[in-house]
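Chemist: here is my input; please provide its structure:
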Amino acid sequence: MTTTSTTPATVFQGPIFDGDTHLYETPDAFSRYLPEKFKKDWDYQWKTGADGEFALYVGAQKVEVSAGYTAADMRVPPPGKLHEWLRAQKEGKENVDMRVPMTPDMYARDPRLAKMDEFGVEGCFLYCGHMVATISYLNEPKAAAAVMHAYNRWMLDDWGFNYKDRIYSAPLVSLEDVDAACAEAKWAIENGTRLFLMPMGPFNKKSPAHPDFDRFWSILNEAHCRVVYHVSEAIYMKDHMAVWGEPVQQSRQRQTAFIWMHGYSERPVVETLSSMILWNFFARFPNLRLLSAENGSEWVPNMLVKMDKCRGMAKNGFWPGGQLKERPSNIFKRHVSVIAYPEDDLATTIAQVGSHEWAIMGSDYPHAEGVPTPREFADEACKSLTPEQTQGVMHDNGRRFLAPVA
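Modeler: Numbers count the residues shown, from 1 in each chain. Predicted coordinates:
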């Protein structure tokens, strides 16, 4: 394996473990294995709708957030160039279009390995592409299970779940249908997966740590799997948003600041992770670790303080999973890792938490929202860290996430 980077670097020169990378789906990714009976209502298609916008559709449902992202000729925003694109639009260049043709490394595994060598990336976690924006549209459990399994079979074909111990792909699974989730978990583990991507929030009005789901978690626990919670619109909050008069499932251009603030990232991930910890989930499943991806990291210190405080406040209250035997913050540090944003004040956040082992870099490659190259993450986020902390964030902590829980 060659991991010699050609990118100039000032902060970190060593091999990188990238905790947040993506693929772009090939045209048949959604249909190759989807059973015929689901295709009418649940097949995925890129098309120009009656409104004149080119977007991804799930059956007849337009995935609003996809509009304006991918061009009709399937060009995509350039990796790590979101700020430049937004700046051009702010300067009045309304018709600016910086989108570029997809390169093979964006949709095929061997070219991706070559790109990783170029970037100096030793290993990475790989997540779905446009699929991540569609999960909230899969609102019928049986159909959702069929769509996810079909997608996962495509991912296994084209990427593998563990390709040469360098690309660790995350198949999707949801707990809306527990029987289907258990079958999916067993199948994926048999095919080599180390991690799963799951939606944030409750399932069937229950915490994911509810005992009703224990048989699913037991399968993952036995295999020492990892679970990733990647940013996406928290559709479980739709009723709450309606109370505020805030519409969900809107395009990027029509989403309000309130939705961006409360419907994504911090609030959904804090609710999900704190529910798992406060339900004493890890006492039952000690081999599991959870990862927050593309939700930032600056919420971590406040979450830990609040969990510890609320544990004390509820000392004589009801504990659905049994009383915790240690501080929630300690459980978090042992079982949870977080992908930081490059723009996060990582030095202050790490100092407030008191350790760095939970923090992992993520480039978001090849998406526009991240950094152009993984090494540039260190130049932006790690310049105030110690060499030991930087080594952890850029490499060691990602490897640690995969290792057995100590």
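Chemist: and the helices in the stretch 251-400 of the chain?
Modeler: Chain-ordered helices for the stretch 251-400 of the chain, with DSSP state H, counting those that start in this stretch as the definition, fall at 257-262, 266-278, 281-284, 300-313, 328-335, 346-353, 375-381, 387-391, 397-402.
Chemist: over to the stretch 51-200 of the chain?
Modeler: Secondary structure of the stretch 51-200 of the chain by DSSP H, counting those that start in this stretch: the helices cover 82-90, 109-119, 141-158, 178-190.
Chemist: most tightly packed of these?
Modeler: Counting by mean count of other Cβ atoms under 10 Å, helix 141-158 has the highest mean neighbour count of the helices of the stretch 51-200 of the chain, with a mean of 20. No exception for glycine: its C-beta is placed from N, CA and C like everyone else's.
Chemist: so which elements touch it?
Modeler: Taking 3 or more Cβ pairs under 8 Å, 6 or more residues apart in numbering; DSSP states H and E as contact, the helices and strands that helix 141-158 lies on are helix 36-42, helix 178-190.
Chemist: worst average pLDDT in the ones you listed?
Modeler: Lowest mean pLDDT within these: helix 36-42, at a mean of 96.
Chemist: list the contacts of the next helix-or-strand element following it.
Modeler: Downstream of helix 36-42, the next assigned helix or strand under DSSP states H and E is strand 44-48. Strand 44-48 is touched from outside by 29, 30, 31, 54, 55, 56, 57, 58, 70, 72, 74, 134, with contacts defined as Cβ atoms under 8 Å, 6 or more residues apart in numbering.
Chemist: least confident of the helices of the stretch 251-400 of the chain, on average?
Modeler: Taking the mean pLDDT of those, helix 257-262 comes last: a mean of 84.
Chemist: so which bits of that helix are buried?
Modeler: 259, 262 (16 or more other Cβ atoms under 10 Å).
Chemist: what does the pLDDT read for residue 2?
Modeler: For residue 2, the model assigns a pLDDT of 50.
Chemist: the one 5 residues further on too?
Modeler: The predicted local confidence for residue 7 comes out at a pLDDT of 47.
Chemist: likewise residue 95?
Modeler: The predicted local confidence for residue 95 comes out at a pLDDT of 55.
Chemist: for residue 241, same thing?
Modeler: 82.
Chemist: and it, how many neighbours?
Modeler: The number of residues packed around residue 241, counting by other Cβ atoms under 10 Å, is 19.
Chemist: sec struct for it, please.
Modeler: Under DSSP: H, G, I helix; E, B strand; the rest coil, residue 241 falls in the helix class.
Chemist: in the stretch 1-150 of the chain, where is pLDDT below threshold?
Modeler: Counting by pLDDT under 70, the ranges of the stretch 1-150 of the chain that qualify are 1-9, 85-96.
Chemist: wait, what's in contact with the residue nearest to the spatial centre of the chain?
Modeler: Nearest to the mean C-alpha position of the chain, counting by Cα atoms, centre = their mean, stands residue 230 at 2.1 Å. Under the criterion of Cβ under 8 Å, 6+ apart, the neighbours of residue 230 are 20, 127, 132, 197, 293, 294, 295.
Chemist: from these, which land in strands?
Modeler: Using DSSP state E, the subset of these located in strands is 20, 127, 197, 293.
Chemist: out of everything not next to it in sequence, what's closest to the third one?
Modeler: The spatially closest residue to residue 197, leaving aside those adjacent along the chain, is residue 170, at 4.1 Å (Cβ to Cβ, 6 or more residues apart in numbering).
Chemist: neighbours around the one you found, how many?
Modeler: Using other Cβ under 10 Å as the criterion, residue 170 is surrounded by 25 other residues.
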